[in-house]
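**Student:** any chance you could fold what I've pasted below:
(one chain, ligands or ions: 1)
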Amino acid sequence: MANVTVIGAQWGDEGKGKIVDWLASRADVVVRFQGGHNAGHTLVVGDKTYKLSLLPSGIVTGTLSLIGNGVVLDPWALREEIERIEGQGVSISPANFGIADNCPLILPLHRELDGMREAAAGKGKIGTTGRGIGPAYEDKVGRRAIRVCDLAHLDELEPQLDRLCAHHDALRAGFGEEPVDRAALLEELRGIAPFVQQYAQPVWKRLNERKKAGDRILFEGAQGVLLDVDHGTYPFVTSSNTVSGTVASGSGLGPGSAGFVLGIVKAYTTRVGSGPFPTELEDEVGQKLGERGHEFGTVTARKRRCGWFDATLVRQTCAISGVTGIALTKIDVLDGFETIRICTGYTLDGEPIDYLPANAQEQARCVPVYEEMDGWEGTTVGARSWAELPAQAIKYIRRIEELIECPVASVSTSPEREDTILVRDPFAD
Ligand code: IMP
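**Tutor:** The predicted model follows:
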């Protein structure tokens, strides 16, 4: 297959950075197709560590990197990120970076609204990243958004600003806040417009040309399927579609373009923010997973909630996203556990159920059914072949494959790029 789509198959933070970095070094184009700077990818290349939020991972290796229309773009955050990454010696120019001209903008008013809502929600808060992602997507589907292409026509922005501000002023009044300062907003847009415009282009067209030329395209997903606005643990989700199907609508290539769908799956489960999490461990085992796995958010530095591997959830996300194979990450974090549990299903009000239901209250009442396995002695750290893994670790991986009904394409055994057991190369398929 010429193309590869990488998505998170749990609640995000599955360790996409390392896999995407490896695939990006072999792709001709890397495309972000959803989300925004709520994402956080850490790339370790040689002795340098790059922290990316909005820029596609290909940027670090000079691969053509494109932001598709499915992304919501905070232009000020982008400028800050570009300056920071350029400061690390990476060259970023219109030759290797482009932004879809039909991409909606995240404005300061979106970030403010995100904050007001979360503060007012108290215990019912979503636990967002506070980046204005949700409010920006709302304005997109509400047909009020200001988009990248509008930055070339700021003198004609009056009617759009009227519509946008009328909506936001009403909301802000409800929170007891001042109306939007329109003059200041327009001034800020004038200030940032030339910077964004140099990269603006019809990304759908560029991608179709590259596809015709036979280029290998890597679609870089952000977050995870359980945070998908349709298929995730709604309402405790992000506001975009994180499933593989979004590559088509979020980039402007047809539905057949996803290619090999690689689902990134952590060998246990984590989640940041609020919402149901059936296998969560609020005891010393959860604590140990968090400490050993360095489970702190890249974007917000929040402590991640940790729990056992939930095969029921991953079977569901692999099915929903048409996952071809999974990349299993962080198996080494389970080294030294005497026993390991895998969730194989739930009981809901005493009845067995083999999937996570859609209703949030029912999700919260799902009680995991566990299968227990012996852990392994010795270490998986740095293994690069099956032969280097303890037999019991192989048994754990094989059981996961069986339960999620999807084959393992690779197993990652440390943060180092080379510490990977490659079973199936997604680009070679
Ligand atoms: P938002 O995307 O900022 O609106 O946040 C909505 C939910 O998605 C919250 O629970 C966040 O913690 C979660 N979330 C957003 N982006 C990421 C990510 O990149 N990794 C993990 N969780 C995320």
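**Student:** by mean pLDDT, point me to the weakest helix or strand of this structure.
**Tutor:** Lowest by mean pLDDT, DSSP states H and E among the helices and strands of the chain is strand 41-45, with a mean of 82.
**Student:** check which helices and strands that one sits against.
**Tutor:** Using 3 or more Cβ pairs under 8 Å, 6 or more residues apart in numbering; DSSP states H and E as the contact test, the elements touching strand 41-45 are helix 16-24, strand 48-52. Yep, even glycine has a C-beta here, placed from its N, CA and C like the rest.
**Student:** how close does the residue of the chain found nearest the ligand get to Gln223?
**Tutor:** Of all residues in the chain, Gly273 sits closest to the ligand, at 2.3 Å by Cβ to the nearest ligand atom. Distance of Gly273 to Gln223, computed by Cβ to Cβ, to the nearest Å: 11 Å.
**Student:** out of these two, which sits in the busier spot?
**Tutor:** Counted by other Cβ atoms under 10 Å, Gly273 and Gln223 do not tie: Gln223 has more neighbours, with 26 against 20.
**Student:** for the nearest residue in space to that one that is not next to it in sequence, helix, strand, or coil?
**Tutor:** Leaving out its chain neighbours, the residue that sits closest to Gln223 by Cβ to Cβ, 6 or more residues apart in numbering is Gly12, at 4.3 Å. Here Gly12 takes the coil state, with states given by DSSP: H, G, I helix; E, B strand; the rest coil.
**Student:** and what of Gly378?
**Tutor:** With three-state DSSP as the criterion, Gly378 reads coil.
**Student:** tell me which helix or strand Gly98 sits in.
**Tutor:** strand 97-100 (DSSP states H and E).
**Student:** near the ligand, which residues of the stretch 251-400 of the chain?
**Tutor:** Within reach of the ligand by Cβ under 6 Å from any ligand atom, the stretch 251-400 of the chain has these residues: Val272, Gly273.
**Student:** pLDDT at Met1, what is it?
**Tutor:** For Met1, the pLDDT comes out at 57.
**Student:** tell me where this structure has helices.
**Tutor:** 16-24, 75-87, 108-121, 133-141, 158-174, 182-197, 203-212, 246-249, 284-292, 311-321, 360-365, 391-404 (DSSP state H).
**Student:** could these go into TSV alongside mean pLDDT and mean neighbour count?
**Tutor:** Below are the helices of the chain laid out as TSV (pLDDT from 0 to 100; neighbours: other Cβ atoms under 10 Å):
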stretch	mean pLDDT	mean neighbour count
helix 16-24	90	24
helix 75-87	98	16
helix 108-121	97	17
helix 133-141	98	22
helix 158-174	96	15
helix 182-197	97	15
helix 203-212	97	16
helix 246-249	97	21
helix 284-292	95	16
helix 311-321	98	22
helix 360-365	97	14
helix 391-404	98	17
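**Student:** which one of these lies closest to Ala301?
**Tutor:** Of all the helices of the chain, it is helix 284-292 that lies closest to Ala301, at 13.2 Å by Cβ to Cβ.
**Student:** contact partners of that closest one?
**Tutor:** The list of residues contacting helix 284-292 from outside it, by Cβ atoms under 8 Å, 6 or more residues apart in numbering, reads Tyr268, Thr270, Glu280, Leu281, Glu295, Lys303, Arg304, Arg305, Cys306, Gly307, Val333, Phe337.
**Student:** need these in CSV with neighbour count and pLDDT, can you?
**Tutor:** CSV is the format used below for the contacts of helix 284-292 (neighbours: other Cβ atoms under 10 Å; pLDDT from 0 to 100):
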residue, neighbour count, pLDDT
Tyr268, 29, 98
Thr270, 25, 97
Glu280, 17, 98
Leu281, 19, 97
Glu295, 22, 93
Lys303, 13, 91
Arg304, 20, 94
Arg305, 21, 96
Cys306, 26, 97
Gly307, 21, 98
Val333, 22, 96
Phe337, 17, 96
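**Student:** of those residues, which is the nearest to Glu362?
**Tutor:** Glu362 has its nearest neighbour among the contacts of helix 284-292 in Glu280, at 16.5 Å by Cβ to Cβ.
**Student:** I'd assumed Arg305 was in contact with the closest one.
**Tutor:** Yes. The criterion here is Cβ atoms under 8 Å, and Glu280 meets it with Arg305 at 5.4 Å.
**Student:** so what sits against both of these two?
**Tutor:** Taking Cβ under 8 Å, 6+ apart as the contact rule, Glu280 and Arg305 both touch Arg271, Gly286.
**Student:** how is this protein divided into domains?
**Tutor:** With domains defined by automatic domain parsing, the chain comprises 4-100+200-260, 108-196, 265-428.
**Student:** columns distance to the ligand on top of the helices and strands packed on strand 41-45, output as CSV?
**Tutor:** Shown next, in CSV, are the helices and strands packed on strand 41-45 (distance: least, Cβ to the nearest ligand atom, whole Å):
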stretch, distance to the ligand
helix 16-24, 9
strand 48-52, 11
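**Student:** among these, which is nearest Gly250?
**Tutor:** Closest among the helices and strands packed on strand 41-45, once you apply Cβ to Cβ, is helix 16-24, at 16.2 Å.
**Student:** check contacts around the residue nearest to Gln223.
**Tutor:** By Cβ under 8 Å, 6+ apart, Gly12 lies in contact with Ala39, Ala222, Gln223, Gly224, Leu227, Val272.
**Student:** now with 7 Å?
**Tutor:** Shown in contact with Gly12 (Cβ atoms under 7 Å, 6 or more residues apart in numbering): Gln223, Gly224, Leu227.
**Student:** then Val333?
**Tutor:** Residues counted as contacts of Val333 (Cβ under 7 Å, 6+ apart) are Ala267, Tyr268, Leu289, Arg292, Gly293.
**Student:** circling back to that earlier point, ok, which of the contacts of Gly12 also contact the ligand?
**Tutor:** The subset of the contacts of Gly12 within reach of the ligand, by Cβ under 6 Å from any ligand atom, is Gln223, Leu227.
**Student:** distance from the chain centre to stretch 417-429, please.
**Tutor:** Here the centre of stretch 417-429 is set off from its chain's centre by 21 Å, with Cα atoms, centre = their mean, to the nearest Å.
**Student:** now swap in stretch 108-123 and tell me
**Tutor:** 21 Å.
**Student:** thanks again, I'm all set now.
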